[in-house]
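Participant: Give me the fold of what follows.
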Amino acid sequence: MIEDLYSGKTNIIHIPNADENTVKQFGVLQEQDVHNQKIVKIGDENFSHTNDLLWHQDRGYHKDVPHFSALLCLEAEDGSSPTYFLNMQELYDKSPDSLKQKAEGVVCMNSVTKYYNQSSHPYQFKSKAEERLYRIKNRAEHPLVMEDECGKFYFYSPAYTETDLEDEFLKLIEEQEPIVHKWKKNDFVIINNFKILHRRDATPSHVNRKHLRYSINKHV
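Facilitator: Numbers count the residues shown, from 1 in each chain. Have a look, this model is predicted:
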């Protein structure tokens, strides 16, 4: 299972009835986002569930994108949003040759600023200065087309990737049927963070939806 995840043959793994020890078998925890924590609590006062979250890779705007991203569900009351997943290797395979040719060899800036231009951020910053620094620092260039042993895939997200091919990618994404995961308590889901985009809808503030989020790199 882990070998297939590492190679890219498997891109999403769901383990029910998991706990906080489950994550340890998959790799090395990395620091995440604003406060450089290795475990981020989602659904509390620091990271809200009350807004839509755009299609993205976790830390896709960073020069060191984590290999894998994972969520452990602590609570998911009725009315909480599922998480949607989209395979960008499948999207590459389905895309027209004309787009593949235009995307090949292109390097794109991926930035938090693009996210801010489209939507409010779920993080609650300690100060305006912290928010400004976060926006300035979190930008990195990545190839628009990447490849592993299973083939080529697009490294693109509507949240972060700045490209002249935006309209074509948005049309492709809109045409796809995503995987929908409806959360149950103690569900653990880990994804290939390079190849799988994910998003969620807003959850009303009175509905309990709590997760632990992990960024993971491969065991050396």
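Participant: In the chain, what residue spans correspond to helices?
Facilitator: For the chain, helices defined by DSSP state H occupy the ranges 2-7, 88-94, 97-103, 112-116, 128-137, 166-175.
Participant: contacting residues around the residue nearest in space to the middle of the chain?
Facilitator: Per CA atoms, centre = their mean, the C-alpha nearest to the average position across the chain is that of Gln57, at 2.9 Å. By CB atoms under 8 Å, 6 or more residues apart in numbering, Gln57 lies in contact with 65, 69, 155, 157, 160, 193-194, 196-198. Using the backbone N, CA and C atoms, a C-beta is placed for each residue, glycine as well.
Participant: Out of the residues you listed, the closest to Leu144 would be?
Facilitator: Phe155 (6.3 Å; CB to CB).
Participant: on that earlier part again, return the member of the contacts of Gln57 nearest to Val23.
Facilitator: The nearest one, if we look at those relative to Val23 and count by CB to CB, is Ser69, at 10.9 Å.
Participant: burial measure for the residue nearest to Val28 when sequence neighbours are not counted, as a count.
Facilitator: Leaving aside its sequence neighbours, Val28 sits nearest to Asn217 (CB to CB, 6 or more residues apart in numbering; 5.1 Å). If you count neighbours by other CB atoms under 10 Å, Asn217 ends up with 16.
Participant: any idea how far Asn217 is from Lys152?
Facilitator: Applying CB to CB, to the nearest Å, the value for Asn217 to Lys152 is 22 Å.
Participant: What distance do you get for the residue nearest to Val28 to Lys24?
Facilitator: Per CB to CB, Asn217 is found 13 Å from Lys24.
Participant: same thing with Tyr84?
Facilitator: 27 Å.
Participant: quick one: which of these two has more around it?
Facilitator: Using other CB under 10 Å as the criterion, Tyr84 and Lys24 rank with Tyr84 on top: 17 against 11.
Participant: Just to check, that one is in contact with Ile196?
Facilitator: No - Tyr84 is beyond contact range of Ile196, at 10.4 Å (criterion: CB atoms under 8 Å).
Participant: what's the helix or strand of the chain with the lowest mean pLDDT in contact with?
Facilitator: Least confident element among the helices and strands of the chain, by mean pLDDT, DSSP states H and E: helix 128-137 (a mean of 79). Helix 128-137 is contacted by residues 34, 112-113, 116, 125 when judged by CB under 8 Å, 6+ apart.
Participant: filter those to the buried ones?
Facilitator: 34, 112, 125 (16 or more other CB atoms under 10 Å).
Participant: wait, the residue nearest to Val28 sits on Val65?
Facilitator: No - counting by CB under 8 Å, Asn217 stays clear of Val65, with 9.7 Å between them.
Participant: how about low-confidence regions in this structure?
Facilitator: Low-confidence segments of the chain (pLDDT under 70): 121, 123, 220.
Participant: Including distance to Pro204, could the helices of the chain go into CSV?
Facilitator: Shown next, in CSV, are these (distance: least, CB to CB, whole Å):
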stretch, distance to Pro204
helix 2-7, 34
helix 88-94, 30
helix 97-103, 38
helix 112-116, 22
helix 128-137, 25
helix 166-175, 26
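Participant: And these: which comes nearest Ile15?
Facilitator: Once those are compared by CB to CB, helix 2-7 is nearest, at 11.7 Å.
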